[in-house]
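**Student:** got a sequence here, can you model it:
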Amino acid sequence: MPRSLADQVWPSGNDFQMLRTIAALAVIVSHAFALARGIADDEPFNRSGWTPGACAVIVFFAMSGYLIAGSFERRSDFIVFATARARRIIPAYLVALGVVVLGLGAATTSLSLLGYFSDPSTWDFIVRHVVFDTSLKALPGVFAENPHPWTVNGSLWSLPLEVLCYAVLYGAGRLGLLHPPRCGWFFLVAMGLSAWMRVAGVGGTLPHVLPSFLTGIFLYVYRAHIPASGAWFVALLCLLWATADLPLHHEFARLVIAYGAILFATGSSAPGRLIARGGDYSYGLYLYGWPVTQTVIWAVPGVGVTALIVTAVVVAGLLAVLSWHWVEKPALARRFNGVQSKVPAMAG
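**Tutor:** Numbers count the residues shown, from 1 in each chain. You can find the predicted model right below:
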C-alpha cells in the first residue's frame, strides 16, 4: 500500500530543499540560453511550452502552497503569519537589491558613476522594487549592449505574485475554507476563476501560477487521503498527454506537475537528507541568478552557453551561500511571539 502525502518526514529528512535547489538551478540554466543569444525562444524545450524554467515556476508555487498552508494551520494570527513571511522574503530581497543596484549596476553601467547615481531612474528603480513593483526592468546604462538588453533581473516578476498568493491563502484560511470539505469547493471555484482569467486575458501572469499554488494548498489539506504514488503520477502524465487539446489542459498540467513535485518533495533520500542538513540556497539562487548571468555576458562578450551556465551557477551559488548564512538564516533565527519562521521562500 503506497504511503500518503501525510507520511512525509518532517522537517529535516524530506526532499523539499533538494527539489527547491534543483528548480532554482533549472531556472538559471533555462534563462542562460535566452540571455546569451537574445532570443527568448532559445530556452530548452521552448517549442513544447515546457521549458525547465517554466516547470520550475510550477514546482516552486506548488511547494509554496503546500508549505504555507501548513504554516497557516500552525499559526493563523495575522501578525505572526505576516511576520514569518516577511522575514523569509524581505531581508535577503533588500540586500540583493542593494548588491545589484549599488554593486553590479555601478560596475557595469556605461555611464560614469556620477551620471549613474545622479540619474533619477536609478533611485526610481530602488524605490519601486522596495514596494515589490518589479515592472521597471532597466537601470541606466546597465546591460545596454547585451544580447538581451537592459533587463537587470527578469526573474523577479514572480515575487509579487507569491505575496499575492499568500494573501489569497490567508483570506481563505480566515474564512474557514482550508478544511475539508470546504477546501474542495474552494479549490474548484478558485481554479475555475483562474481559468476564466486566463481565457479572458485578465490578471496578467497570475492565472499561470495560481493553479500550482492552489493545488499545493489542496494537496496539503487532503494529504492524509492522497496516495504518494509514482504509479499515480505516471497515470496522470498519460492522462495529461491524452487531454492535450481540452480547454482546461493548462490548469490540469499545473495540477499534475504540482502533484509530482509534492510527491518527490515529501519523500526522503540520502542526497535530500544531506542537502537538508546544509543551508537553503534556493532563494539566493533565485535572487542572483539572472543578474549574475547578465554580468558574465557583459564581462565576456560571446561567451558560450555552457561556460556561461557553469560560471553563473558558481558565482550565484557563492552569493546564495553568503545570503543564507549572513542574511536569511539570522533573520529566520529571530522569534516573534515565541514562534520561529522556518517556511522557505519560493525561488522562481
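**Student:** measure the residue lying farthest from the centre of the chain to Trp298 for me?
**Tutor:** Counting by CA atoms, centre = their mean, the extreme residue of the chain relative to its mean C-alpha position is Leu114, 35.2 Å from that point. Leu114 sits 20 Å away from Trp298, going by CB to CB, to the nearest Å. In short, each C-beta sits where N, CA and C put it, glycine included.
**Student:** go on, Ala36?
**Tutor:** For Ala36, the distance to Trp298 equals 12 Å [CB to CB].
**Student:** kindly report the same for Ala316.
**Tutor:** The value you get for Ala316 to Trp298, if CB to CB is used, is 15 Å.
**Student:** who has more neighbours out of those two?
**Tutor:** Between Ala316 and Trp298, counted using other CB atoms under 10 Å, Ala316 has the larger neighbour count: 27 against 18.
**Student:** check contacts around the more buried one.
**Tutor:** 28, 284-285, 288-289, 292-293 (CB atoms under 8 Å, 6 or more residues apart in numbering).
**Student:** tell me the predicted confidence for it.
**Tutor:** On pLDDT, Ala316 comes in at 98.
**Student:** ok but it is inside a helix, no?
**Tutor:** Yes. Under DSSP: H, G, I helix; E, B strand; the rest coil, Ala316 sits within a helix.
**Student:** and the strands in the stretch 151-300 of the chain?
**Tutor:** Taking DSSP state E, counting those that start in this stretch, the stretch 151-300 of the chain contains no strands at all.
**Student:** now stretch 96-104 - C-alpha only, CSV.
**Tutor:** Taking C-alpha atoms only, stretch 96-104 is exported to CSV below (Å, rounded to 0.1, in the frame of the first residue of the first chain):
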residue,chain,number,x,y,z
ALA,A,96,20.1,41.6,-3.2
LEU,A,97,18.5,44.8,-4.4
GLY,A,98,21.4,46.8,-2.9
VAL,A,99,24.0,44.4,-4.3
VAL,A,100,22.5,44.6,-7.8
VAL,A,101,21.9,48.3,-8.0
LEU,A,102,24.8,49.7,-6.0
GLY,A,103,27.3,46.9,-6.9
LEU,A,104,26.7,45.2,-10.2
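**Student:** any buried residues in it, and which?
**Tutor:** 96-97, 99-101, 104 (16 or more other CB atoms under 10 Å).
**Student:** quick one: low-confidence parts of this protein?
**Tutor:** 1-2, 8-12, 335-348 (pLDDT under 70).
**Student:** if you set the cut-off to 90 instead, what comes out?
**Tutor:** 1-13, 39-50, 244-245, 268, 273-279, 333-348 (pLDDT under 90).
**Student:** tell me where the stretch 51-200 of the chain has helices.
**Tutor:** Ranges of helices in the stretch 51-200 of the chain, per DSSP state H, counting those that start in this stretch, are 52-74, 78-98, 106-108, 113-118, 120-130, 158-174, 182-200.
**Student:** I'd like to know how many residues surround the closest residue in space to Asp119 that isn't next to it in sequence.
**Tutor:** Computed as CB to CB, 6 or more residues apart in numbering, the closest residue to Asp119 that is not its neighbour in sequence is Pro140, at 4.3 Å. A total of 20 residues lie near Pro140 under the criterion other CB under 10 Å.
**Student:** sounds good, over and out.
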